[in-house]
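# sequence and computational prediction follow.
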Amino acid sequence: MAGHSKWAQIKRKKAKEDAKRGQVFGKIAKEITIAARLGGGDPNTNPRLRLAVQQAKAANMPQENIERAIKKGTGDIEGVHYEEAVYEAYGPGGVAICIEAMTDNKNRTTPELRHILEKRAGRLGEVGSVMWMFDRRGLIIIEKEVIEEDALFDIVVDAGADDIKVGGDAYEVYTPVESLSSVTDELERRGITPTLSEVSLIAKSSVEVAGDDARKLFFLLDELEDHEDVQKVFANFDIQPDVIEELAATT
């Protein structure tokens with residue numbers, strides 16, 4: 001899935017740019033709040049919260065913002081009540097799309113996402129229609145310049161990872177969901193800060209998309225990612241990396 005890896009690289013670059021403008025902080029704060037509400041406000045005993053805090057620090061989110069989001073989740077200070085929602089959809093070329101959202105009003109979010117999909121030649125699917133095409137796994141992204149591949153392999157496998165792939169300028173480390181926190185903690189203990197550490201949906205197989213469908217799909221995924229209630233978007237596409245680069249240059 002070379003094209004998918006290129007898309008991931010572009011998303012990381014875009015996230016860094018968004019972080020400079022503060023746009024990414026709101027989404028991370030939502031995740032911290034939800035994690036604290038579901039599992040408590042102590043990152044040491046709440047793996048989901050620990051990962052969210054690690055993500056916040058990687059994005060240079062101010063500590064006071066992190067602490068405020070935790071307190072909203074634990075109820076120490078008043079905040080908006082968010083709920084998680086997963087939308088399953090189809091995009092151009094028959095690509096399967098899973099959209100993870102956090103919203104305070106599904107009656108607003110659902111029609112907005114439906115509008116984006118239909119505008120970009122996609123459509124919402126039924127519950128269970130595409131989720132079976134993905135495996136839930138831990139994903140850690142580490143820039144190549146940080147460490148050599150052999151050294152990284154030894155560290156992550158000993159800590160519980162089960163696969164590592166090289167994509168462009170970064171390594172992609174895959175773990176069982178239950179091992180994600182321990183692998184991330186071990187990397188940070190050794191002074192290696194991942195660019196990304198999250199529970200991800202990994203496509204079991206990919207759909208090759210080209211031409212006009214590739215263009216429509218790229219801008220559909222980009223617009224979904226930008227929606228304020230959307231946390232993550234996963235899709236099982238494969239677009240040639242040079243095509244993705246060309247499309248990205250137009251955004």
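Received it, and whenever you're ready, just let me know what you need. Small disclaimer: the values here were computed from a predicted structure and weren't measured.
# flag every buried residue along stretch 92-106.
By neighbour count with 16 or more other Cβ atoms under 10 Å, stretch 92-106 contains the buried residues 92-93, 95-103. Placement of C-beta: from N, CA and C, glycine included.
# dump that stretch to CSV, keeping only the CA atoms.
Output of stretch 92-106 as CSV, limited to C-alpha atoms (Å, rounded to 0.1, in the frame of the first residue of the first chain):
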residue,chain,number,x,y,z
PRO,A,92,-15.0,6.8,-5.2
GLY,A,93,-13.8,3.6,-6.8
GLY,A,94,-15.6,1.5,-4.1
VAL,A,95,-13.1,2.4,-1.4
ALA,A,96,-14.1,1.5,2.1
ILE,A,97,-13.9,4.3,4.7
CYS,A,98,-14.2,4.3,8.5
ILE,A,99,-14.6,7.6,10.2
GLU,A,100,-14.1,7.9,13.9
ALA,A,101,-15.7,11.0,15.4
MET,A,102,-16.3,12.7,18.7
THR,A,103,-19.3,14.9,18.9
ASP,A,104,-21.6,16.7,21.3
ASN,A,105,-24.5,16.5,18.8
LYS,A,106,-24.9,13.5,16.4
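# give me the mean pLDDT for it.
Average pLDDT, stretch 92-106: 94.
# ok now that stretch, how far from the chain's centre?
Stretch 92-106 sits 12 Å away from the centroid of its parent chain (Cα atoms, centre = their mean, to the nearest Å).
# show me where the stretch 1-150 of the chain has helices.
Using DSSP state H, counting those that start in this stretch, the helices found in the stretch 1-150 of the chain span residues 2-21, 23-39, 47-58, 63-74, 106-119, 149-159.
# between the fourth one and helix 23-39, how big is the angle?
Using axes from the mean of the first three to the mean of the last three Cα atoms, to 10 degrees, one finds that helix 63-74 and helix 23-39 are set 40 degrees apart in direction.
# dump helix 63-74 to PDB, restricted to CA.
Extracted as PDB, the C-alpha positions of helix 63-74 are listed here (Å, rounded to 0.1, in the frame of the first residue of the first chain):
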ATOM      1  CA  GLN A  63       0.600  21.400  29.500                       C
ATOM      2  CA  GLU A  64      -2.100  23.600  30.800                       C
ATOM      3  CA  ASN A  65      -4.300  22.600  27.900                       C
ATOM      4  CA  ILE A  66      -3.700  18.900  28.700                       C
ATOM      5  CA  GLU A  67      -4.500  19.300  32.300                       C
ATOM      6  CA  ARG A  68      -7.700  21.200  31.600                       C
ATOM      7  CA  ALA A  69      -8.900  18.500  29.100                       C
ATOM      8  CA  ILE A  70      -8.200  15.800  31.800                       C
ATOM      9  CA  LYS A  71     -10.200  17.800  34.400                       C
ATOM     10  CA  LYS A  72     -13.100  18.200  32.000                       C
ATOM     11  CA  GLY A  73     -13.100  14.400  31.600                       C
ATOM     12  CA  THR A  74     -13.000  13.700  35.300                       C
END
